[in-house]
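Peer 1: test case, fold it:
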Amino acid sequence: MSTTPLFAPATVLLVFASDAQPSGLRLALETVGMEVVETGDEQQAREVIHQAPPTAVLTDLALPGGDGLGVLSAAKAADGTLPVIVATEPGNVLDAVSAMKGGALDCVVKPLDVGQLVSLVERAVGAYREVAEVLPFTTAAGADVPGIVGRDPRLATVLRGLGRAAATDATVLLQGESGTGKELFARALHLLSPRADGPFVAINCAAIPENLLESELFGHEKGAFTGAVARKLGKFEVADGGTLFLDEIGDLPGALQAKILRAVELRSFERVGGTQSITVDVRQVAATNRELRARVAAGLFREDLFFRLSVFPIQIPPLRDRMTDVPLLARFFLVKVCADLGRPLVSLSLAAEDHLMSYAWPGNVRELQNCIERAVIMCEGAELRPADLSLDTGAVERPAADPWDAIDLSGSLADASRRALGEVERRKVVAALQDAGSHTGRAADALQISHRALVVKMQEHGIQT
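Peer 2: Next up is the predicted model:
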């Protein structure tokens with residue numbers, strides 16, 4: 001297992017006059033693993049930023065031969081997301097306001113506290129590097145799948161499963177709450193597959209009236225019903241050679257379930273009002289926010305169709321179960337929204353980040369995206385503050401999902417017990433690796449098993465670090 005660090009040590013540019021830098025600041029930053037570059041005026045700082053851009057900048061506003069606002073301007077010109085922390089004298093309100101409007105991450109007032117500065121710089125570096133990792137999910141062929149952002153092990157597990165399923169033509173069932181981005185994952189699956197050059201066709205089975213849904217899915221012949229003035233191709237036919245995404249499949253009317261089952265199994269169907277059997281080469285991906293097993297038990301969903309659709313089930317975790325991804329997603333949406341609105345990039349304050357992390361996100365990623373878009377529109381400065389987010393963090397959190405819902409309890413007691421034990425093992429190993437920062441030795445110690453036993457368990461459950 002590779003132990004190569006993801007990033008080289010962070011480089012912090014300190015811009016202070018020779019007699020103004022807090023005593024011990026350089027040593028404190030180096031102690032926490034930072035590399036430090038020091039300059040004494042604006043011009044020197046500009047040269048450093050131009051020649052070897054740092055990971056973060058900490059500058060005094062009062063500098064010989066210029067000022068910290070010039071350093072801030074140069075840093076933002078080089079990289080709009082580069083974090084800059086400015087230091088100012090008490091009462092220097094106008095320059096402090098100018099710095100914040102210019103995109104400074106934070107403004108600290110003298111006398112400076114070295115411990116506070118180091119903490120600010122560490123968080124700033126972490127946030128900056130998260131932005132660097134907020135890249136589209138990329139396929140082996142180099143195609144970008146925009147919008148899938150995160151580092152949580154649960155998300156990594158989903159993406160690994162997606163990659164395995166993509167290499168086959170197996171029918172995939174994406175399960176997850178509303179707003180978790182099921183269509184994005186379906187598109188990712190399509191782009192990862194050999195069908196990437198074919199069409200990706202999506203239909204929301206809950207959004208179309210029942211009397212029109214059959215025609216939308218299978219098409220119709222001219223004269224099939226009042227208003228059918230011409231032949232129309234349905235989604236199955238349009239998706240020939242590609243992928244058909246059946247969203248909200250749990251809401252599919254009972255009358256259509258048999259016809260869908262036949263189309264999925266035989267890859268053939270008839271248009272409404274037609275008699276000719278049409279054969280297509282389509283890969284089906286279905287999605288639902290409903291518990292299909294419960295609907296099967298209630299007689300609302302065909303069991304044979306459920307088994308046919310769930311050849312490869314993938315559970316997409318809700319945002320509240322991967323809260324460490326919230327800052328990454330927020331910054332991803334910040335960049336996107338600012339670009340869409342044609343306005344300068346707005347940064348996310350550390351206080352706003354904490355505010356986002358304190359919210360339960362019942363609407364999942366979709367709610368977070370809407371929140372950031374609204375905040376950017378309302379924001380009057382160069383940085384989002386908690387007040388811009390309009391979040392009711394005192395709202396009652398949605399009860400956590402029953403962990404047993406994810407475990408298949410069908411079959412004999414022995415079979416169900418084996419699956420339950422496997423899920424407990426998987427969750428325990430994932431949690432131990434998270435707590436140990438993906439260090440397998442420490443995780444094995446915490447689990448009180450040997451390192452070899454841990455590696456075997458990771459292989460059994462498809463867990464990677």
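Peer 1: what strand or helix carries the residue most central in space within the chain?
Peer 2: Centroid-nearest residue in the chain: V149, 3.0 Å away (criterion: Cα atoms, centre = their mean). Under the criterion of DSSP states H and E, V149 resides outside all helices and strands.
Peer 1: over to the one 5 residues further on?
Peer 2: Secondary structure assigned from DSSP H and E places R154 in helix 153-166.
Peer 1: right, and the helix or strand after that helix?
Peer 2: Sequence order places strand 172-175 as the next helix or strand after helix 153-166, per DSSP H and E.
Peer 1: any low-confidence regions in the stretch 1-150 of the chain?
Peer 2: 1-8, 127-147 (pLDDT under 70).
Peer 1: which strands or helices does the helix holding R154 pack on?
Peer 2: When contacts are defined as 3 or more Cβ pairs under 8 Å, 6 or more residues apart in numbering; DSSP states H and E, helix 153-166 packs onto helix 182-192, strand 312-315, helix 413-435. C-beta here means a position set from N, CA and C on the backbone, and glycine is covered the same way.
Peer 1: now do that helix: distance to the chain's middle.
Peer 2: Distance, stretch centre to chain centre, for helix 153-166: 13 Å (Cα atoms, centre = their mean, to the nearest Å).
Peer 1: quick one, that helix and helix 182-192 angle?
Peer 2: Angle of helix 153-166 versus helix 182-192, following axes from the mean of the first three to the mean of the last three Cα atoms, to 10 degrees, is 50 degrees.
Peer 1: show me what helix 153-166 is in contact with.
Peer 2: For helix 153-166, contacts defined as Cβ atoms under 8 Å, 6 or more residues apart in numbering pick out 137, 148, 172, 185, 188-190, 192-193, 312, 314-317, 321-322, 325, 430, 433-434, 462-464.
Peer 1: next up, the contacts around D340.
Peer 2: Neighbour list for D340: empty [criterion: Cβ under 8 Å, 6+ apart].
Peer 1: what's A104 in contact with, if anything?
Peer 2: By Cβ under 8 Å, 6+ apart, the contact list for A104 reads 72, 84-86, 382-383.
Peer 1: and stretch 167-175, how far apart are its ends?
Peer 2: In stretch 167-175, first residue to last residue: 20 Å (Cα to Cα, to the nearest Å).
Peer 1: what is the distance between that stretch and the centre of its chain?
Peer 2: Counting by Cα atoms, centre = their mean, stretch 167-175 comes out at 21 Å from the chain centroid.
Peer 1: for it, list every residue counted as buried.
Peer 2: Within stretch 167-175, the residues scored as buried using 16 or more other Cβ atoms under 10 Å are 169, 171-175.
Peer 1: now those as TSV including distance to A453?
Peer 2: Shown next, in TSV, are the buried residues of stretch 167-175 (distance: Cβ to Cβ, whole Å):
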residue	distance to A453
D169	36
T171	35
V172	32
L173	32
L174	33
Q175	31
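Peer 1: contacting residues around P53?
Peer 2: 78-79, 82.
Peer 1: so it versus A446, what's the distance?
Peer 2: The gap separating P53 from A446 is 39 Å, by Cβ to Cβ, to the nearest Å.
Peer 1: and what of D435?
Peer 2: According to Cβ to Cβ, D435 stands 7 Å off from A446.
Peer 1: try L69
Peer 2: When L69 is compared with A446 (using Cβ to Cβ), they lie 49 Å apart.
Peer 1: tell me where the stretch 351-465 of the chain is predicted with low confidence.
Peer 2: 393-416, 419, 437, 462, 464-465.
Peer 1: redo that, cut-off 50
Peer 2: Scanning the stretch 351-465 of the chain for pLDDT under 50 picks out the ranges 395-405.
Peer 1: next, count neighbours for the nearest residue to S193 once chain neighbours are set aside.
Peer 2: Computed as Cβ to Cβ, 6 or more residues apart in numbering, the closest residue to S193 that is not its neighbour in sequence is A166, at 4.3 Å. If you count neighbours by other Cβ atoms under 10 Å, A166 ends up with 24.
Peer 1: G441 against H451, yeah?
Peer 2: Yes: applying Cβ atoms under 8 Å, one finds G441 in contact with H451, separated by 5.9 Å.
Peer 1: SS state for the residue sitting furthest away from the middle of the chain?
Peer 2: Using Cα atoms, centre = their mean, the residue of the chain lying farthest from its centre is G223. It sits 46.8 Å away. With DSSP: H, G, I helix; E, B strand; the rest coil as the basis, G223 sits in coil.
Peer 1: show the pLDDT at it.
Peer 2: Looking at G223, its pLDDT reads 87.
Peer 1: need the contact list for it.
Peer 2: Residues counted as contacts of G223 (Cβ under 8 Å, 6+ apart) are G273.
Peer 1: how does it look with 10 Å?
Peer 2: G223 sits next to 229-231, 273 when contact means Cβ atoms under 10 Å, 6 or more residues apart in numbering.
Peer 1: try V285
Peer 2: So V285 contacts 165, 170-174, 182-183, 185-187, 189-190, 193, 200, 202, 243-247, 249, 309, 312, 314 (Cβ under 10 Å, 6+ apart).
Peer 1: list the buried residues in the helix holding R154.
Peer 2: Within helix 153-166, the residues that count as buried by 16+ other Cβ under 10 Å are 153-155, 157-159, 161-163, 165-166.
Peer 1: convert the C-alpha atoms of it to PDB, please.
Peer 2: Taking Å, rounded to 0.1, in the frame of the first residue of the first chain, the C-alpha atoms of helix 153-166 are listed here in PDB:
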ATOM      1  CA  PRO A 153     -14.700   6.400   2.400                       C
ATOM      2  CA  ARG A 154     -18.400   5.800   1.800                       C
ATOM      3  CA  LEU A 155     -18.300   7.800  -1.400                       C
ATOM      4  CA  ALA A 156     -15.100   6.000  -2.500                       C
ATOM      5  CA  THR A 157     -16.900   2.700  -2.000                       C
ATOM      6  CA  VAL A 158     -19.800   3.800  -4.200                       C
ATOM      7  CA  LEU A 159     -17.400   5.000  -6.900                       C
ATOM      8  CA  ARG A 160     -15.500   1.700  -6.800                       C
ATOM      9  CA  GLY A 161     -18.800  -0.200  -7.100                       C
ATOM     10  CA  LEU A 162     -19.800   2.100 -10.000                       C
ATOM     11  CA  GLY A 163     -16.500   1.300 -11.800                       C
ATOM     12  CA  ARG A 164     -17.000  -2.400 -11.400                       C
ATOM     13  CA  ALA A 165     -20.600  -2.300 -12.600                       C
ATOM     14  CA  ALA A 166     -19.700  -0.100 -15.600                       C
END
